[in-house]
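Visitor: I'll drop the sequence and a predicted model, then ask my questions.
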Amino acid sequence: MKSKVPTAAVAMCFIAAAAYPHEWYSGQKNEKGNSCCGGEDCGAVAPIDVDMLTPTHWRIKVRPGTIGTWGPEEAGAVVLDFYGNPGMSPDDQYHACATRTGILEGLALCLFVGGIY
């Protein structure tokens, strides 16, 4: 006898599994108290694309499609500066958050780093 699992239930499992890693972005704030936004403005970045210039000045190369819905596909990669102390990521990866306005200004709202920096 075949088990009948509703297609919608299977789809919801995939959606929930895909959303889980980014749920922790919601509610995060930088040290100035500004919201980092939600998963739509945050995303993982490769460690090679993050440079610590000073302990409170970081430069982040954001490749197309890396962070949320704004996707700088038209312009290729963009370089953003982050000023402040980064937060620690729960998955030991690097993550950055930026809004459209921040991208135009060359600034990231939040940075989360993995491991020890």
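Guide: Noted; the coordinates are in hand. Residues are numbered from 1 along each chain as shown.
Visitor: And the closest residue to Asp92 other than its chain neighbours, how far from Arg100?
Guide: The shortest distance from Asp92 to any residue that is not its chain neighbour, by CB to CB, 6 or more residues apart in numbering, is 3.7 Å, and that residue is Gly114. In this view, the C-beta of every residue, glycine as well, is placed from N, C-alpha and C. Counting by CB to CB, to the nearest Å, the separation of Gly114 from Arg100 is 26 Å.
Visitor: Between these two, tell me which one has more neighbours.
Guide: Each of Gly114 and Arg100 has its neighbours counted (other CB atoms under 10 Å); Gly114 has more, 17 against 12.
Visitor: where in this protein is pLDDT low?
Guide: Residues of the chain meeting the criterion pLDDT under 70: 1-22, 38-39, 68-75, 116-117.
Visitor: Just the strands from it, written as ranges.
Guide: With DSSP state E as the criterion, the chain has strands at 42-45, 50-54, 57-62, 78-83, 87-88, 94-97, 110-113.
Visitor: Rebuild these as TSV, extending it with mean neighbour count and distance to Tyr25.
Guide: Below are the strands of the chain laid out as TSV (neighbours: other CB atoms under 10 Å; distance: least, CB to CB, whole Å):
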stretch	mean neighbour count	distance to Tyr25
strand 42-45	22	4
strand 50-54	13	17
strand 57-62	19	15
strand 78-83	18	15
strand 87-88	14	10
strand 94-97	26	7
strand 110-113	24	8
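Visitor: Could you dump the ones you listed into JSON lines with distance to Gln28 added?
Guide: Conversion of those to JSON lines gives the following (distance: least, CB to CB, whole Å):
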{"stretch": "strand 42-45", "distance to Gln28": "8"}
{"stretch": "strand 50-54", "distance to Gln28": "17"}
{"stretch": "strand 57-62", "distance to Gln28": "16"}
{"stretch": "strand 78-83", "distance to Gln28": "14"}
{"stretch": "strand 87-88", "distance to Gln28": "7"}
{"stretch": "strand 94-97", "distance to Gln28": "8"}
{"stretch": "strand 110-113", "distance to Gln28": "6"}
